[in-house]
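Enquirer: With the sequence up front, the predicted model follows.
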Amino acid sequence: MAECMHKQVIKKIKEVITSSNYLTLSCDEVTMVDNQSWKPIHSNNVQDWCHIPIFIYLEHVIARGGAYNLTKVFMGAFKEHGGFF
């Protein structure tokens, strides 16, 4: 059941992103209490002058720093979960 719900959430995210007039992408780093690093990927979409914020993906980063790996994580999440490409 959770798998079906997840597919519907991904479908809705793709619909919102593809029908947006404008969008921005952002990510942040979150360090947990146990010192693990996570990168949440967000999109702020504009449809008819209304802002629709969307949480796209949460990536667990394991010893992969640097701009190149961050870009890979960012674009991969947006491609797979956001349907942008």
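Expert: Great, that's in hand.
Enquirer: From here on, just use CA atoms for contacts and neighbour counts.
Expert: OK.
Enquirer: mind listing the helices in the protein by residue range?
Expert: Ranges of helices in the chain, per DSSP state H, are 2-18, 67-82.
Enquirer: Can you get me a residue count around Met5?
Expert: By the criterion of other CA atoms under 10 Å, Met5 has 10 neighbours.
Enquirer: if you compare the helices of the chain, which one is most tucked away?
Expert: Compared across these, helix 67-82 shows the largest average neighbour count, a mean of 16 (mean count of other CA atoms under 10 Å).
Enquirer: Can you list the neighbours in contact with that one?
Expert: The contact list for helix 67-82 (CA atoms under 8 Å, 6 or more residues apart in numbering) reads Ile10, Ile13, Lys14, Ile17, Cys27, Ile41, Ile56, Tyr57, Glu59, Phe84, Phe85.
Enquirer: and the angle from that helix to helix 2-18?
Expert: Here helix 67-82 runs at an angle of 100 degrees relative to helix 2-18 (axes from the mean of the first three to the mean of the last three CA atoms, to 10 degrees).
Enquirer: on that earlier part again, so which one among the contacts of helix 67-82 has the lowest pLDDT?
Expert: Minimum pLDDT for the contacts of helix 67-82 is recorded at Phe85 (60).
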